[in-house]
Each structure stands twice: as structure tokens, then as C-alpha cells.
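# Need coordinates for the following:
(4 chains, ligands or ions: 6)
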Amino acid sequence: MKKIINDVENIVPEMISGLVRTNKNLVRQIDGTTAVVRNDAKFNENKQVGVVSGGGSGHEPLHAGYVGDGMLSAAVAGEVFTSPTPDQIYEAIKAVDQGQGVLLIVKNYSGDVMNFDMAKEMAEADDIKIATIVVDDDISVKNSEFTQGKRGVAGTALVEKVVGAAARSGMNLDDLAKLGQNVIDNTKTIGIALHAATVPAVGHPGFELKDDEIEYGIGIHNERGYAIEKIKPSKELAHELVEKIMDEFTDKSGSYAILVNGMGGTPLMEQYIFANDVLNEMSSKQIDVEYSKVGNLVTSLDMQGISLTIMKADSEWIKMLQEPVTTIAW
Amino acid sequence: MKKIINDVENIVPEMISGLVRTNKNLVRQIDGTTAVVRNDAKFNENKQVGVVSGGGSGHEPLHAGYVGDGMLSAAVAGEVFTSPTPDQIYEAIKAVDQGQGVLLIVKNYSGDVMNFDMAKEMAEADDIKIATIVVDDDISVKNSEFTQGKRGVAGTALVEKVVGAAARSGMNLDDLAKLGQNVIDNTKTIGIALHAATVPAVGHPGFELKDDEIEYGIGIHNERGYAIEKIKPSKELAHELVEKIMDEFTDKSGSYAILVNGMGGTPLMEQYIFANDVLNEMSSKQIDVEYSKVGNLVTSLDMQGISLTIMKADSEWIKMLQEPVTTIAW
Amino acid sequence: MKLELVAAKKWINLFVEKIEDNKSELNELDTAIGDGDHGTNMDRGAKAITDSFAKKDPDNLSDLYKTTAFAMIQKVGGAAGPLYGTAFLDMSKAVKTDNLELSDLIQIGSDGLKRRGESDVCMKTMIDVWQPIATAMKNGNFNQQTINEALNENKAMVATKGRASYLEEKSKGHIDPGSQSSAYLFEALLEVMGV
Amino acid sequence: MKLELVAAKKWINLFVEKIEDNKSELNELDTAIGDGDHGTNMDRGAKAITDSFAKKDPDNLSDLYKTTAFAMIQKVGGAAGPLYGTAFLDMSKAVKTDNLELSDLIQIGSDGLKRRGESDVCMKTMIDVWQPIATAMKNGNFNQQTINEALNENKAMVATKGRASYLEEKSKGHIDPGSQSSAYLFEALLEVMGV
Ligand SMILES: Nc1ncnc2c1ncn2[C@@H]1O[C@H](COP(=O)(O)OP(=O)(O)O)[C@@H](O)[C@H]1O
Ligand SMILES: Nc1ncnc2c1ncn2[C@@H]1O[C@H](COP(=O)(O)OP(=O)(O)O)[C@@H](O)[C@H]1O
Ligand SMILES: [Mg+2]
Ligand SMILES: [Mg+2]
Ligand SMILES: [Mg+2]
Ligand SMILES: [Mg+2]
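Ligands and ions are numbered 1, 2, ... in the order given. Just a heads-up that it's a prediction; the model follows:
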């Protein structure tokens, strides 16, 4: 393993320190934590519902890169691929509550769910109103009683964008939670890997693929997918993934947003080629794409791969996706 | 080689098509070329000096990602690692000239210099005023009569940002060229690679490094560097690179801007850790860093590595670096 | 049998040692069916326990378990932090006024896991180690064999909770990392019990 | 010796063939001391030449060289595009009214390269092939030997122009890719000359 790091133990605090020090006008770090909170003048004047997300590190720029006007109020970074602890989340909640309550955006992993739950209990003991939405956009895992449920992956960035826009516009906590859940229900993602990520503390890739193989349905923590196949041209990959995702929407009318997301080690060049093929697929199916975004938004360390997210989005959501924000990385 | 592409021959047109179709509000493609030009209302109202850059593809988001209000007027994409042809550059020049002339920002490679030169001759035949600045920020190559001169690398993005801000503010062509040259003279970069890039048409990495080796002084086209050494902790890398770059500035007073740039295959996590160490180095040397930026700004396909750019920047330049822009990727 | 303060402290310290010694093994188990960090997570917790004990040596049983719980909750993160944390916190509350029979104590920990994880035995989680051991203790036949059997059964299961559940059938044939770390906890207990 | 239209057309077509056949070899040479694309670049140019000829078969020498030049300028990019393009454009201009001795024609091409590249012989560029061949032609002793020797000398040089110059001493021992593609150009010429 070759990585530009110092001690494996200090990866997260050093990363957060680098992020905060290079973006002092946007964010500050909460003392004694690896939580990052808005640091702009508007934040302190404004009274809005706080929006807090977080999770294991290794998915940068998620979540700290999305803290700022129009998106998250704070983000809590756990160790690599490890949910943050309840006390850190609790500190972030306290730092952003402006009396109107705080919405927690949690990705559906047992660790995240449990730690955010404990933090919620702590905050409620302080009479802070809390609502939680759990993102589970990954359709490669079946949502059955026999699994933890679907995973939260790249769609999380879109959920944070829409919810962040609505919170900025003054929506109350209950409505925000309802909106968030509605967005989640209409957001579907599937990912493929060409090469697994190397967790620094482990030192080797999470799994091995042959020189001509890709894996379908991988998660953002090196979770294995549902099938290994020979690599195909981008066109064919786009065809398969679009089909698979659109199958999940019973009513295919209306407008849609797409996100082509790089996993960290895949160049933008390939992401744009794939996005081009996705748009071709969508238009050949006469599906109306009103918003699209391409880039490394929700990564998995140095994983090579890509994910496609499709969101069924009415014109109001599209507007919220388009609104400018002031963050490090959106 | 595993890449998400279709035919190797169509990589650039498909990539540009993906970029333009996912950013219709920002840019449009000039018919019959792979040049991308501003497509916002303000561009058509405004009368400013045009700023055109371009070069081989494979460095995304450079340059097309920086087209927009406050940065480039147009960007011309050549084949992978290959300068665009004069006719494409000429079309871009014509599309952005608003009567006040056009500044060409060229990276110092013989191919780019020659092709932009030919385009300049073509445009001048149409009575369009043209000035050219050639970026050569890479200090790992000596600037002697025995080489092509220093290469243009990640500092290009900072040059485009400052020049773009000045052009928006209404600066005339001559002053803009002078400012640009001045910025170039005060911008120094050095890069390291952990793993070389794979040019799609070649199909294997440009060079091989052992599992514990890094190469110092690499270019953004797999050009080999000046030394291969064992990988070191980020702190030590930061120490060496900062020393090396700061040696180039005779007067170390004043304020500085830094750019920590990922080469395409290196996660943001490592970039932030390295940025943190660079800031530590700078503050231990009592050098005043007033602006910093971290991210995959000027990449080299899937290369794993990082570059550090330091710019000696007075408060006006710092302000120009900070100004908000409306681009795909800044 | 009841565990008094000195023995209980030895138990936790031995657990800490075993975790530190087997950090990479736990990471490897988690790489196979999870995300590769269980060893790193538990090691962070182990070091936090040692630090907490050094700062203030617990002088009663409730405090010992509470300190252990807080170290896990505040430093482990992931799934294991809240799970071990809840188990030990519940155990701490239970011994506040009176010490308990070991079998009752471990049963309380196991119930804490079930509540926090919204889970039960046979889902290929650490509960597959805690629950059979609590039961074996009640029946007076807890020994190394109990642990080995629990791990063997766990290995054969298909996961339905935690990250491993995403693998469905493919989770079979691997020991769940949390079950392995729990096995160390109970091997440490066996040593202290002198069995 | 002068090259008339039919022979000259055969020359360019043979050059196109050789480039297409040796695309990967040229990429490999460029990978060693450049950026790995010279074969791809030249191949794009070769195909553009064929396309242009198909669209409008050049009916005079000047037009033949001009069509070749434009194909290179508009499709090759990189350093090779403007270089080959300028050489052939200058050659096209020179034969506008009268055909020229081959030695004069190639000298004009070589001078075009020097002007466009702001370069000269011994800088490890394609000029190391063009110039010695122009000279050999003047002296009436141009043959395969001339090409081989030019390449051998070029191989031993340290580059001072183009991408290879960044490698300084390390550029020694590799054939410059542009010199190799130029060698194909002149091997094609030898075949046409029937030497
Ligand atoms: N819902 C749950 N109920 C009980 N135990 C669980 C549950 N989810 C996970 N676990 C346990 O947690 C262990 C994983 O811990 P760890 O790797 O530290 O956290 P993470 O899964 O967040 O990376 C699993 O091996 C399993 O024993
Ligand atoms: N300044 C120059 N003068 C003459 N020839 C040059 C010069 N720069 C580059 N070359 C030639 O161009 C060749 C490289 O062409 P190519 O690989 O297609 O372009 P690029 O270097 O832009 O990738 C070199 O091998 C060399 O022969
Ligand atoms: Mg984890
Ligand atoms: Mg090139
Ligand atoms: Mg884990
Ligand atoms: Mg080349």
C-alpha cells in the first residue's frame, strides 16, 4: 500500500484539519471532535432548521465538503469506513441548533443508525427537537427482512442538496423530514467497481478482480456486489444500469435528475463518457432528464469505479438541485 | 487496461459531449470541434477580453471545467495528451472575440506552443488582436537552453483564475498579458507520482514504480521525474517539496497562495492530509499563506500522485483567487 | 459464580490485551464480509479502556463496567461501539446496588445487544456468542468448547444483520468479526474464572 | 532526380501504410521518452490523408503536398501535426510553378521543420532524419544506409527540444519517435525511387 499519509491512526484528524485550515471562510472544526460546522456570517444570522449528516470517512468530499449555505449545517466524520461516535454527533447537533430543531441525515448502516440514534437520545435530553431520515438508495441490495435493508450510497449527496435547499428556504423540521423521506423514496443508485479500495489500516484491496473484470452492485465500503462480469463498453454498461434502475420506478413519466459519481480512482474523463452514454439511454427511452451532475461526489477511498443515481424529481426538486450553494465541494 | 470507455478513437468527442450535455446552462460546444465556450447570458451582454486556453485531454477538469463567468471564455480539447489543432483553436478565438482581443493561455509544450501559434496567425489574418502567455510553472525541469524550458502544470489553473478575474473586471489585452506573465513568474509547482497514468491508446502505465517507491518531479503526461525514492510520510514529503519550491523565491516576504492538486487517482483524503502538512511547514517557516485550494484540478488521467503549487501573491491577486466564479469545476 | 472487582478488572484487562494482539486478524475477518475495520475499531476501544483506567482506577464494579462502556461508546464508533457500549452500560446499571451471578450479568449484556441492534441470535452477529454463553453459564457448563461451538455455528450462518447481510449467501463460511472479538472477551473471562 | 505526380502520390500512400502498420511501435517509442501518443497522432493524420485523397484526388504536385499538409495540420495535433504540416506546406508552395529536384524539395521541408520548431539538428528530433537525408540526396548517395545511420545517431543523442528534453541524459539510448516516423517517410520514398 502506497498512500500519502502519516500515522494510520491520525488520518481522520489530519484530514479534517487540512480541510478546515484550507477553508476557514466556510467551515470551522468543533473543538475536541472531527465535526465540521458552518462558519459563515449568514449562518449565525439565519434561523433555520439545522441539517447534520456524517458517517465514516473515506467518502470525501461527502459530508464535510457539503457544509455551507444551502446544504449541510454540520458534518461529523468518523474513522475510515466507521460511523462517528454519539458524543461527536451530539456536539454537532448542539452547535447547529437554532431553536427550530435538527434533521439528521443518516446512511443506512447499522453502525451509523445506532450511533446517530444514541446521539439523538442525548440531544433530546437537552430538549432539542430531532428528526432522522435514513438514506437507502442502493438498489443492488434487496430490501428484505433478511438483510440490514438497502445501503445508503451516492444518492445521499442529492438528498443533502434538496433537503439543504428546503431548510435554507425556511421549511420546518417535520416537513423537512417528510420531504427528505420522499426524496429518498425516489432516489435509486447502482455502482460498479473496476478495482477495490484499500483501507489504510488493512493495507491491501478489499477484494481482487481480474484484469478484465468488473463487479456490479458494490457498496462504498468494499462490500462485494451481486455479479462479476467481463468489462464492457461504456454504452453497454450505461444500458444495463439505466434499465436496472428505471425498472424500480413504476411510473416512468415526469422529470428526472441523474448523478454520475466517480468512486475516487476513476478519472473525470471516463465519468463524462459514461454520462454521455447514460443521457443517450435516457433519451432513447424518452425519459426527461432535467438535471445532471458528474463528479467524485461520494467516493470510496481509491476505488476505481462509478455509480449511477437516478432521482424522479418534480420541477420544485429540480430547482432545489440547481440552486447555487456555498460549500467546499458541491 | 480497464477503463469505462467505448472506442479509444472517440474518447475526446464523447467526453466533451458528456460534459456539455450535463452543463447546458454553462457551456456549449462549437460545431465541428471539441472546443467549449461560455453559454451564459452575461457572456453575451458583457464586453471583455476573451480568454482562451486548451491543450491535450486527460487533465480534466482543466480546461473545459474552468469555462464560465470569471475564468475562461473558451477551452479547446485536443486528443489525449495531444495539443488541439490550429483550426479548432481558431474557431474558439472567433467565438469569444468581442472586439477587445483574445488572450491565449498556453502550457509550455512544443506541440501546444506551435498549434496555438498557427491559430494566432490565422486569427490575426482576421484582424483579431491576440496575445499569448505561456505557463511554465514546473520547477522540476531546469529552464535552460538545453531543454524545451519548464513545463506548464497545475499552476495553470491558478493562472486561469487570476487572469479570468482580471478579464471580467475589464482589463485590456496588453495589461492582461502583462499580469498573466507576472503571475506565471511567481507560480512554482512540483509533483510526485505513486503510480503512472495509463494512456488509453497505449494500454499500460507509462512507467513502473515498485510498491514502496515514488517518483519526484513527474510531469502531467507521464514524463519521468528527477529521482525515485522510497515513499515517506506525508510530513516529510511536504517538508521536501516546500523547501524545494520556496528556494525558488529569492524574496520570501509577502503573502502566498497554495494549491494541493490531486493527479486523478489519489483520494481527497490524502490531499487534505498533505495540505495540512504543507500548512504546518509554511507556518514553521513563518510564511504567510492567504489562500489555499485542494482538489483534482489539473490531473493526469488515472495517475496516483500529488503536486504542490506555491504562488507569491499580493493582496489583489489573493482577492482575485477568492472571487466566486460560475464554472463546472473551480 | 460472581465476579468481584479485582477479577473483573483482570477480565477487562485481558480482553484489552487479546484485542490488541489480534487486531489484524479481526480486520481480515471484517475485510472478508464487512469493511475491514473491526480490528482497528476494537483496538481504539481497547486503548481507550486502558487510558480511562489509568486516569481513574475504577473502585467498584458498576464503575468498572461503566468506564468500559463509555470508552467503547466514545472511541469505537461503527457498529461495535454502540453494541459493546450498550452491553456494558446495561451491565453497569445492573450491578449498581448488588453484584450478580455471571450468567445473569452476561444475559443482561446480551439483551442490551439485542435491543441496540434490533437483532437476535442466528443473524450472524456477536449475539451468537453472547447468548449461547449466557445460556451455558446458566446451565453450569460454560467452557472453551462453548465458545468454539458458538463460533462454528456462527461461521455457517447466512448474515441477516450488519454489513455482512449485504452478501447474503456469500456470507456463509466466514466467522463474523464481532463474534470473534466477543470470543476473545469470553476466553479472557475463562482465564479469570480459572476454568 | 525529380518526383512526378504519380510517383509522389505513391510515396504518400506508402507512407500512410507504414504509419498504420507501425502505430503501436511509434506509441511505444513515445512512451519511453515522450507521452505515448505519436503513433496514435500520426495514424490519425494518415487516415485523414486517405480521406482527403478520396474526397478529391489531387491532380498536381502542389495540391498533393498541400492536401497532405492540411490533413496533418487539422488532424494530428501535438507537435507532429504542425511540424509535418509546415514541412509539406512549404514543399507545396515550392512546387507551385515548377517541380524541384528531390534534394531541394526535402531541404525545403527540413527548413520548414527548423522554422516551426525553432530547432536544428542534434536536438534529437525528426530534423535528425530530414537534414542528413536532404544532404545525402544532394551528394547523390541517399539509401537505406543513410536512414539507418541517421536513426543510430539520433538514438545516441540527448534531447534538447520536445518532450524528451525533460529527461535530459535519460533520453539517451532511445530513438526519437518523430525521427522514426520520418524514417518511414523516407523508406517509402526509397521504395518509390526504386533504389
Ligand atoms: N444490528 C446488529 N446487531 C448485532 N450486532 C451487530 C449488528 N450490526 C453489526 N453487528 C456486529 O458488529 C460487528 C461489526 O463491527 P465493526 O466492524 O466495528 O462496525 P462496522 O460494521 O460499522 O464497520 C459485526 O461483526 C457484528 O457482530
Ligand atoms: N521543437 C521541435 N522541433 C522539431 N521537432 C520536434 C520539436 N518538438 C517535438 N518535435 C518532434 O515531434 C515528435 C513528437 O510528436 P508527437 O508525439 O506527435 O507530439 P507531442 O510531443 O505533442 O505528443 C518528437 O518525437 C520530435 O521528433
Ligand atoms: Mg466500519
Ligand atoms: Mg502528445
Ligand atoms: Mg467493520
Ligand atoms: Mg507524443
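# helix or strand for the spatially most central residue of chain A, which one?
Nearest residue to the geometric centre of chain A (C-alpha atoms, centre = their mean): A:Thr156, 3.3 Å. Element membership of A:Thr156, judged by DSSP states H and E, is helix A:155-168.
# same for that helix, what does it pack against?
Helix A:155-168 sits against strand A:50-57, strand A:102-107, strand A:130-135, helix A:173-185, strand A:187-195, strand A:255-262, strand A:304-312, helix A:315-322, with contacts defined as 3 or more C-beta pairs under 8 Å, 6 or more residues apart in numbering or on different chains; DSSP states H and E. Every residue, glycine included, has its C-beta placed from N, CA and C.
# The first one packs against which elements?
So that's strand A:50-57. Strand A:50-57 packs on helix A:11-21, strand A:74-80, helix A:86-96, strand A:102-107, helix A:110-124, helix A:155-168, going by 3+ C-beta pairs under 8 Å, 6+ apart.
# Could you give the bridge partners of the closest residue to the residue nearest to the centre of chain A other than its chain neighbours?
Using C-beta to C-beta, 6 or more residues apart in numbering or on different chains and skipping the chain neighbours, the partner closest in space to A:Thr156 is A:Val135 (4.8 Å). Beta bridges link A:Val135 to A:Lys107, judged by DSSP bridges.
# repeat for A:Arg28
A:Val37.
# Over to A:Pro205?
Beta-bridge partners of A:Pro205, as defined by DSSP bridges: A:Thr198.
# residues in contact with it?
Shown in contact with A:Pro205 (C-beta atoms under 8 Å, 6 or more residues apart in numbering or on different chains): A:His195, A:Ala196, A:Ala197, A:Thr198, A:Asn222.
# In contact with C:Ile19, which residues?
Here C:Ile19 is in contact with C:Leu26, C:Gly39, C:Met42, C:Asp43, C:Gly45, C:Ala46, C:Ser181, C:Tyr184 (criterion: C-beta under 8 Å, 6+ apart).
# Just among those residues, which is most surrounded?
Most neighbours among the contacts of C:Ile19, by other C-beta atoms under 10 Å in any protein chain shown: C:Met42, with 33 neighbours.
# Am I right that A:Asn25 is in contact with A:Asp40?
Yes. Between A:Asn25 and A:Asp40 there is a contact under C-beta atoms under 8 Å: 7.1 Å.
# So which of the two has more stuff around it?
Between A:Asn25 and A:Asp40, counted using other C-beta under 10 Å, the more crowded position is A:Asp40 (16 against 11).
# Now C:Thr146: closest residue in space, sequence neighbours ignored.
C:Ala136 (4.4 Å).
# Which pLDDT value belongs to the residue of chain C most remote from its centre?
Going by C-alpha atoms, centre = their mean, the residue of chain C most distant from its centre is C:Glu169, 25.0 Å out. Model confidence at C:Glu169, given as pLDDT, is 88.
# same question, C:Val195
Predicted confidence (pLDDT) for C:Val195: 64.
# Same question for C:Arg163.
pLDDT at C:Arg163 comes out at 87.
# what sits against it?
Contacts of C:Arg163 by C-beta under 8 Å, 6+ apart are A:Tyr109, A:Ser110, A:Gln148, A:His221, A:Glu223, C:Ile33, C:Gly34, C:Asp35, C:Ala79.
# Then A:Ala123?
A:Ala123 neighbours (C-beta under 8 Å, 6+ apart): A:Tyr90, A:Ile93, A:Lys94, A:Asp97, A:Val102, A:Ile130.
# which one is it nearest to, not counting chain neighbours?
A:Ile93 (4.6 Å).
# what's the distance between that neighbour and B:Phe81?
According to C-beta to C-beta, to the nearest Å, A:Ile93 stands 49 Å off from B:Phe81.
# In terms of neighbours, single out the busier of these two.
B:Phe81 (33 against 27).
# That one reaches D:Thr40, doesn't it?
No. Taking C-beta under 8 Å as the definition, B:Phe81 is not a contact partner of D:Thr40, at 9.2 Å.
# Just confirm A:Lys188 contacts A:Ser307, I think it does.
No. With contact defined as C-beta under 8 Å, A:Lys188 does not count as touching A:Ser307 (10.7 Å).
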